[in-house]
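*Asks:* Test case, fold it:
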Amino acid sequence: MNATDLIQSKIIEPDQIDRLLSLWRFKNEKIVFTNGCFDIIHRGHIEYLAQAANLGSKLVIGLNTDQSVKKLKGNDRPINPEAARAMVLAACSFIDAVILFNDNTPINLIKQVQPDVLVKGGDYIIEEIVGYDVVTTNGGEVVTINFVDGFSSSSIIKKGGLV
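*Replies:* Numbering: from 1, shown residues only. A predicted model of the protein is given here:
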């Protein structure tokens with residue numbers, strides 16, 4: 001398998017993830033889940049995702065579709081289309097699966113994945129994180145990771161005059 005095929009193989013349709021999750025659970029892998037728009041990948045994203053990956057053995061990313069990013073961030077976003085954002089994330093060696101979702105929240109995807117660890121940024125109150133009840137009811141944990149100061153897609157967009 002060439003490098004491009006390997007990257008593409010990590011971008012998984014929601015109806016195809018169950019088989020992979022079953023295999024990982026059979027092998028006693030610790031599954032970590034996080035989600036986001038990841039519009040313009042920057043150092044803050046990479047450090048956040050690397051720290052999330054360190055919390056388990058498999059990292060699954062729920063990636064907002066273009067349509068859901070527009071609902072969350074406005075009509076000028078995303079800057080990069082979903083296929084490009086998914087490919088950049090899947091190229092990271094510590095990311096095992098990228099799954100696009102179109103809902104307002106990732107709750108249905110979290111219910112499907114049933115992660116051992118749910119991760120969000122440090123600006124969230126743990127008990128208010130979407131999926132908190134699903135993960136903790138099943139014996140999992142919810143963790144927040146602090147952001148890297150000075151790095152955000154919004155600040156990069158403003159600085160570059162992209163919007």
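*Asks:* residues touching I31, list them.
*Replies:* L21, W24, R25, G56, S57, K58, V60, V113, Q114, P115, D116, V117 (C-beta atoms under 8 Å, 6 or more residues apart in numbering). To be clear about C-beta, it is placed using only N, CA and C from the backbone, and glycine gets the same treatment.
*Asks:* Need the max-distance pair from these.
*Replies:* Farthest pair in the contacts of I31 (C-beta to C-beta) is S57 and Q114. Separation: 15.2 Å.
*Asks:* Tell me the spacing between V98 and V130.
*Replies:* Distance of V98 to V130, computed by C-beta to C-beta, to the nearest Å: 18 Å.
*Asks:* Just want to know which of these two has more residues nearby.
*Replies:* A count of neighbours by other C-beta atoms under 10 Å puts V98 above the other of V98 and V130, at 24 against 17.
*Asks:* Check which helices and strands the one helix or strand V134 maps to sits against.
*Replies:* Using DSSP states H and E, V134 sits in helix 132-137. In terms of contacts (3 or more C-beta pairs under 8 Å, 6 or more residues apart in numbering; DSSP states H and E), helix 132-137 is packed against helix 107-113, strand 117-121, strand 141-145.
*Asks:* For I79, which of these is the nearest?
*Replies:* strand 117-121 (19.4 Å).
*Asks:* What strands line up against the closest one, and which way round?
*Replies:* Paired neighbours of strand 117-121 in the sheet (DSSP bridges): strand 31-36 (parallel), strand 141-145 (parallel).
*Asks:* For I12, give me its contacts.
*Replies:* By C-beta under 8 Å, 6+ apart, the neighbours of I12 are L20, A97, V98, I99.
*Asks:* could you redo the last one with a cut-off of 6 Å?
*Replies:* A97, I99 (C-beta atoms under 6 Å, 6 or more residues apart in numbering).
*Asks:* Against I99, how distant is it?
*Replies:* 5 Å.
*Asks:* next one: F33
*Replies:* 9 Å.
*Asks:* okay, those two: which has more neighbours?
*Replies:* The residue with more neighbours, out of F33 and I99, is F33; 28 against 22, by other C-beta under 10 Å.
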